[in-house]
Structures are given as structure tokens and as C-alpha cells.
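Enquirer: Quick one, what's the 3D model for this:
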Amino acid sequence: MERTEVETRKLGFTKGIALTLLIAIAAKYLAELPFLHILGQLVIAILIGVVWKSIIGVPAYAVAGTNYSSKVLLRMGIILLGMRLNLKDIFNAGPKTFAVGAISLIFAILVVYGLTRLFKVEKKLGLLTACGTAICGAAAVLAISSQIKAKEKDTAIAVATVAVLGTTFTFGYTILYPFLGLSDPGYGIFSGATLHEIAHVIAAAAPGGNEAVDLAVMVKLTRVALLIPVALLIGFIMSWKERSTDKGKRFSWKSIQIPWFIFGFLLMSALYSTGAVPELIAEKLVMLSYILMAMSMAGLGLNIDLITFKKYGGKPFIAGLIGSILLTCLGYVLVHVFQLN
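Expert: Below you'll find the predicted structure:
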């Protein structure tokens, strides 16, 4: 019996989602290997997607499913990621620690975005690269990408750029650790304030021991928490600029793109902070969050070819590299200025 057109579409849609799930699971296990754990599950998922696209290809009937993963499942994953953020811990870390994280974030966004504009990188790609460097790597790129309606190629390039930079700097930090002259707590704060992904922060801070890792994650989560106001501010600025370029329209607060999933993230964080959610359940939800976001990354990778990276990725990478070097220098100075060493 022949399938109807609707049944064929549904089957293709399901196969597309199943493909991203397969890649996400593979990425999860690959991320547990000694070297690959620094890259992390999200970055590995997008790399597998790109390679799959280049070697095997993606059937046209499966594209709807891969697109669903890259857009809808992304928001669900970011909401559940809130179970990783305890707002009480950030409050208890003290104003100095918060200040280091906040200053580093603002500095990185302004410098990296400024450099991308200097190098004539497309605005949205420059903004994604800046936010990924400043806030929390791939997760920030995905969140801001949804907010500014960026092209999939821009999102993928920004994720790849931040991944390569973060991994490179992680290795550099572990080599430089004995020569920095920082105490273990100071080194942890330094790592958390300047590195890109949480996986990078944990790997880089490890030579300083458990106290360094704990403080590094704390400062990093401060930057993660600031994703909410940054996303709202970017939404406001983008809406204001769009209205100002169209002289026939007046600015309206209603025109601002509200990233409702970010409020879901905050709600999950608030719920977790109350202690109402058992730790085991919270860990499982965070694991599910990363599976969903990895499926999203796989969907992005499956729609991007390597030629795109080669053509558009050079200038954002250089901007991110210079910005990351300057951020490293700033973080080192801030640890001493705030007497956190």
C-alpha cells in the first residue's frame, strides 16, 4: 500500500529528528573521551553534523526534521539548562566575584564586536561571536541567535569559532598555570572570568585543585546568569535600530523581541535555587538539556557545508582571538585589582 504525501512528510520529519538525536548521543559519548571532553558535547555535535553533510548528505525529506531540532528543541534545551544555575551560590560569592564576571563580560562583548565591525564582518555574525566569547560559548550563541534571527551559517560559524578559541586557550592556561603567580583561588576566578565554555573552565582550572574548580565554575555561572539581561538588551537595541531605519514606523516597546525561553531558563534557575528539586532529578534534567541542545547543534551542522566555514570564518576567528587575548589580560589584572589572589 502506497504512502500518502502527508505520511511521507511525517516520516521524513521523524527521520530528520532521529538523525539529530543519533548525532547528539554519539557526541555525548565522544565527549567523555580524554581529549574530546574539552570540546564538549555541543561542539562535537555540530562538527559531526558538518562532516555528515559533507560526506553523506541530508535527504530533502529530512530537512524539516533537522530544522525543527535546530530551532524548537534549542529553546527547550536552554530552558532546562536553568537547572544548572543556583542563584543563591552567585549571591553568596560576593560582589567582587560578581564584578569580575560582569566586567569581563561587558569588555569581551564590546571589544570582540568592535573588532568584527573593524574587519567588516556581517553584524549578526559579529554579535554572535562576541556573545559566545563573553558569556557561555555555544549556549550563548544559540540563545542570542534565536533572539536576533541570525542565519544558520552565522550561528554555526560563531559556535565553531568560540569552540576552537576556547579549546586553544584551555591548553594554554594549563601550561601557563605554574608561571602566572596566582594562588589556587585566584587562578580559579581568573579561569572562570575569561574562558568560553563551562567545559573549558573546568578543564583549565583543574591544575589548581577542587577549590580552584569550584570558584571557576561560580564565576562562570555569574556570566551565564547575565545572559538574560544581555539578551533583553540586544532585543531592545535590534528593535530600536530596525524602527529607526524605517522612517515610516515609530519605535514601540511592543516591537521588542522578547526571548520568552530565557524567562523559562530563569524560572528553572529560581526553582532549583529553592532546593525543591532533588539534586538527582536536576542532574537528569541538565543531561536532557544538553541532549536537546546537541540535537539543535547537529541540526545546524547538517545544514552547513565546509565551504561556508572557509569563506566566512576567518575574520570572526581573528577578531575572537584578539579579543580573547585581551580578555585574558584583563582577567589577570582584575584578580589583582579586586585582591582576589
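Enquirer: any low-confidence regions in the chain?
Expert: Scanning the chain with the threshold set as pLDDT under 70 gives 1-6, 8, 242-259, 305.
Enquirer: so where do the strands sit in it?
Expert: Here the chain has no strands by DSSP state E.
Enquirer: In contact with the closest residue to residue 88 other than its chain neighbours: list those residues for me.
Expert: Counting by Cβ to Cβ, 6 or more residues apart in numbering, residue 88 lies nearest to residue 273, which is 5.1 Å off, once chain neighbours are set aside. Every residue, glycine included, has its C-beta placed from N, CA and C. By Cβ atoms under 8 Å, 6 or more residues apart in numbering, the residues touching residue 273 are 85-88.
Enquirer: got JSON lines for these, with neighbour count and distance to residue 173 too?
Expert: Output for these, formatted as JSON lines (neighbours: other Cβ atoms under 10 Å; distance: Cβ to Cβ, whole Å):
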{"residue": "85", "neighbour count": "21", "distance to residue 173": "23"}
{"residue": "86", "neighbour count": "19", "distance to residue 173": "25"}
{"residue": "87", "neighbour count": "16", "distance to residue 173": "28"}
{"residue": "88", "neighbour count": "11", "distance to residue 173": "28"}
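Enquirer: closest to residue 50 among those?
Expert: Taking Cβ to Cβ as the measure, residue 50 lies nearest residue 85 of the contacts of residue 273, at 29.6 Å.
Enquirer: That closest one contacts residue 272, doesn't it?
Expert: Yes - proximity of residue 85 to residue 272 meets the contact threshold set by Cβ atoms under 8 Å, at 7.0 Å.
Enquirer: count of neighbours near residue 187?
Expert: By the criterion of other Cβ atoms under 10 Å, residue 187 has 27 neighbours.
Enquirer: residue contacts, it?
Expert: By Cβ under 8 Å, 6+ apart, the residues touching residue 187 are 177, 180, 205, 207-208, 212.
Enquirer: ok, of the residues you listed, which come out buried?
Expert: Neighbour-count burial (16 or more other Cβ atoms under 10 Å) applied to these gives 177, 205, 207-208, 212.
Enquirer: Mark which of those are part of helices, please.
Expert: Judged by DSSP state H, the subset of these located in helices is 205, 212.
Enquirer: Redo the buried ones among the contacts of residue 187 as TSV? Include distance to residue 128.
Expert: As requested, the buried ones among the contacts of residue 187 are arranged in TSV below (distance: Cβ to Cβ, whole Å):
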residue	distance to residue 128
177	30
205	26
207	31
208	31
212	30
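Enquirer: From the buried ones among the contacts of residue 187, pick the one nearest residue 24.
Expert: The shortest approach to residue 24 among the buried ones among the contacts of residue 187 belongs to residue 205, at 26.6 Å (Cβ to Cβ).
Enquirer: Quick check: that closest one vs residue 169, distance?
Expert: In this view, residue 205 and residue 169 are 12 Å apart by Cβ to Cβ, to the nearest Å.
Enquirer: any idea how far residue 41 is from the nearest residue to residue 84 once chain neighbours are set aside?
Expert: Closest residue to residue 84 apart from its sequence neighbours, by Cβ to Cβ, 6+ apart: residue 286 at 5.0 Å. For residue 286, the distance to residue 41 equals 11 Å [Cβ to Cβ].
Enquirer: All set, thanks.
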